[in-house]
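Engineer: Structure, please.
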Amino acid sequence: MASTSCQDRLDEQPRSVLTPEYFTTSAGLQAGVTAAYARFRYFYANEGGMNMTVYGTDEYTHAQQTTNPPLNVYDDQLNPSLGDLGAAWNNAYPAINTCNGIIELGAEATDLEPEERNGLIAEAKFIRAQWYFILVQSFGGVTLDLGSGPLQFNTSTDNFASRASLEETYDAIISDLESITDGGDDDLPDARPNNPGRAWKASALHLLSKVYLTRAWSEAAEADDFQQAYNLATELINNKAAYGVDLLPDFAQVHEQGNEWSSETLWQVNWIDDVTFNNNTAFGGPGYQNRSNFFFNPFYEQNTPGVARNVEYGRVWVRYCPTSYTTNIAFADKINDTRYDKSFRTVWYVNDETRNNPKGLALGDTAIWLVPDYLAAEVEPTINDRRYVVFTPTEATDPDVYFGTETGYTDYDGYNEQNKYYPALLKFLSTQPREGNDPNVTSVRPFIVYRFAETYLIAAEAALQLGNESEAADLINVVRLRAAAPGAETAMTANTLTDLQNEGIDYILDERTRELVGEQMRWFDLVRTNKLIERVNRYNNYPARPGAVIPNPQPFHTLRPIPQGQIDASVNPTAENGQYGQNPGY
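Structural biologist: Next comes the predicted model:
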């Protein structure tokens, strides 16, 4: 991963061992920051990390080919042995320890100019804070002392480990972020880096505001947390020009391939189109591949006329199926609000006339149409007059599916009872031809982790919790105005305050779905706002296929289990039984 140096790039030479002495050199600092950034590839756009954050929520349930449905259904298979948990736990600590070394020893790298050296150390603090933020949201209080003291670089092979409290973990995160945003010589730079993927002050202000917002809802809350979250978010908003950030004029531009490092992006995780480092092969490969371009695709090529797998439509892994809450409630307004049509594919066109085509569809003809709810009543009487596949959401939780055959149209409910056909999220598709135009090749697109639209929603949530509903509505309306169809500006903004007054935090959660659906935030959002159990039970409450388990989260599911490998490998010197602490319920 490219990041920083006097040439604005980091040395990409892989190194298996980073020693204390190495961190006292310019090459060591650069290599350390590279290695620490690269670890995020194992969590973002990765199946384990996405399973931890995308489904098991109100937005997404598991689709027909899901690998680890326990994270969606919350059954007894959601336990400390579940491999997906390692996407966060197993990758955080190597990166954190590397950051510890950079922060502790980097000042000795006198072969670098102070400004450059301090910038690298500040980036390490951002990375460490981000990893600990992922951990504290997922697991609660976690380990700060890896063996050589809290937040110190560790080379010891001892297996002693204990958990810090929730309060101590949040304090460590906030301390790192405040030290790089407080106006001192150790700050991240104010200006957006030329090299995509590097953190700068805007990245840290956004993250710090979100950390305060999250702590404000938690048992570790301090009295001014919501105010701090609001102040930091509005500092970024009010000084957006100075920090080089702004909303893009069109929502569709945000996730346009090639446009990821735009004025709206505050921080992203990068991949490179070089098989030496990325190994973006069709099959197998390392755990850091970006397969987000596969996960949200339905089984559009199965039993449908004239549609073959291609780069435009993507490989079908059929992992995440949007709930009816997402398609019909959060996105109830598909006329004034453009974000549904700009976020989801609902029409597939014939691209192979020779494939399962008894009705003689021609290239470019409609092959599949997922009818929006507001047109269902109009379309249903005409279904048998159409030559293509029509899905109509007659019943929100069990759509009727119709499929064409040579003898007419047959009710095909059985297929969609397995969650095979559904609107495909477009945000992560990788459609630029490469490597033989192979749709099975993984993506090398950057994954946008934080963007400026969310800054407005963070500020709005904090304002709401501070009792300022009018200010919250104004902030939300900035985001909604951008999403308005031409001529629908008033319709998109006139009722926001009333809706916010009536619905409170649920309205903000709905708005976050409309803006951020699928972007690896939702499980954290629901846990933060104490809405996970309520909203999963309300909106993700039907089986993914006949006889399947219905999601049934319990209060203890608001934390993930500590991985069993950590429990087995550790001795806790502070506990009577010597065991590393497991979360309640597991």
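Engineer: going forward, measure contacts and count neighbours with C-alpha atoms only.
Structural biologist: OK.
Engineer: Give me the below-cutoff pLDDT ranges for this structure.
Structural biologist: 1-17, 67-68, 273-286, 393-418, 433-436, 543-547 (pLDDT under 70).
Engineer: State the distance from Gln137 to Asn91.
Structural biologist: 15 Å (CA to CA, to the nearest Å).
Engineer: neighbour count winner among those two?
Structural biologist: Ranked by neighbour count (other CA atoms under 10 Å), Gln137 and Asn91 place Gln137 first, with 23 against 18.
Engineer: Please tell me I have it right and that one contacts Trp523.
Structural biologist: No: between Gln137 and Trp523 there is no contact under CA atoms under 8 Å: 9.4 Å.
Engineer: Show me the protein divided up by domain.
Structural biologist: The chain breaks down into these domains under automatic domain parsing: 1-184+555-586, 189-270+449-520, 292-425.
Engineer: Minimum distance to Thr442: which of the ones you listed has it?
Structural biologist: Within those, the stretch nearest Thr442 is domain 292-425; the backing value is 7.1 Å (CA to CA).
Engineer: Kindly tell me how buried Phe133 is, as a neighbour count.
Structural biologist: Other residues lying near Phe133 total 23 when counted by other CA under 10 Å.
Engineer: which one is Asp510 nearest to, not counting chain neighbours?
Structural biologist: Nearest residue to Asp510 in three dimensions, chain neighbours excluded: Ala330, at 5.4 Å (CA to CA, 6 or more residues apart in numbering).
Engineer: My assumption is that Met52 lies in a strand; please confirm.
Structural biologist: No: counting by DSSP: H, G, I helix; E, B strand; the rest coil, Met52 falls outside a strand, being helix.
Engineer: List the contacts of it.
Structural biologist: 71, 84-85, 523 (CA atoms under 8 Å, 6 or more residues apart in numbering).
Engineer: Let's check: the centremost residue of the chain is which one?
Structural biologist: The chain has Gln520 as the residue nearest its centroid, 1.7 Å off, counting by CA atoms, centre = their mean.
Engineer: ok, now how distant is Glu168 from Ala220?
Structural biologist: 9 Å.
Engineer: My error: substitute Thr382 in the last question.
Structural biologist: Taking CA to CA as the measure, Thr382 falls 57 Å from Ala220.
Engineer: Compare these two and say which one has the larger neighbour count.
Structural biologist: Ala220 (15 against 9).
Engineer: tell me which element the closest residue to the more buried one other than its chain neighbours is part of?
Structural biologist: Spatially, and ignoring its direct neighbours in sequence, Ala220 is nearest to Glu167 (5.2 Å; CA to CA, 6+ apart). Assessed by DSSP states H and E, Glu167 sits inside helix 166-179.
Engineer: Mind giving me the packing neighbours of the helix or strand just after that helix?
Structural biologist: As assigned by DSSP H and E, the chain's next helix or strand after helix 166-179 is helix 201-217. For helix 201-217, the elements it packs on are helix 114-139, helix 166-179, helix 225-238, strand 265-269, helix 452-465, judged by 3 or more CA pairs under 8 Å, 6 or more residues apart in numbering; DSSP states H and E.
Engineer: Run the angle between helix 201-217 and helix 114-139 for me.
Structural biologist: Angle of helix 201-217 versus helix 114-139, following axes from the mean of the first three to the mean of the last three CA atoms, to 10 degrees, is 30 degrees.
Engineer: Could you pull out the strands in the stretch 301-450 of the chain for me?
Structural biologist: Applying DSSP state E, counting those that start in this stretch to the stretch 301-450 of the chain gives strands spanning 320-322, 344-345, 347-349, 366-370, 389-392, 400-405, 408-411, 424-425, 447-451.
Engineer: Pull the distance from the third one to the chain's centre.
Structural biologist: Looking back up the chat, that one is strand 347-349. Here strand 347-349 is found 26 Å from its chain centre; the criterion is CA atoms, centre = their mean, to the nearest Å.
Engineer: Contacts for it, please.
Structural biologist: Strand 347-349 has contacts (CA under 8 Å, 6+ apart) with 300, 306-307, 363-370.
Engineer: need those in a markdown table with distance to Pro423 and neighbour count, can you?
Structural biologist: As requested, those are arranged in a markdown table below (distance: CA to CA, whole Å; neighbours: other CA atoms under 10 Å):
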| residue | distance to Pro423 | neighbour count |
| --- | --- | --- |
| Tyr300 | 10 | 25 |
| Gly306 | 18 | 28 |
| Val307 | 16 | 25 |
| Leu363 | 22 | 15 |
| Gly364 | 19 | 13 |
| Asp365 | 18 | 16 |
| Thr366 | 15 | 21 |
| Ala367 | 14 | 23 |
| Ile368 | 11 | 25 |
| Trp369 | 9 | 18 |
| Leu370 | 7 | 20 |
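Engineer: Out of the residues you listed, name the two that are farthest from one another.
Structural biologist: Leu363 and Leu370, at 19.0 Å, using CA to CA across those.
Engineer: Could I get the buried residue list for stretch 492-506?
Structural biologist: 492-493, 496-497, 500, 504-506 (16 or more other CA atoms under 10 Å).
Engineer: whoops, stretch 475-494 was the one
Structural biologist: Buried residues in stretch 475-494, counted by 16+ other CA under 10 Å: 475-477, 479-485, 489, 492-493.
Engineer: Could you identify the most distant pair in those?
Structural biologist: Going by CA to CA, the pair spanning these furthest: Leu475 and Ala485, at 18.7 Å.
Engineer: hang on, the earlier thing: go through the helices and strands packed on helix 201-217 and name the closest to Leu188.
Structural biologist: Of all the helices and strands packed on helix 201-217, helix 114-139 sits nearest to Leu188, with 5.7 Å by CA to CA.
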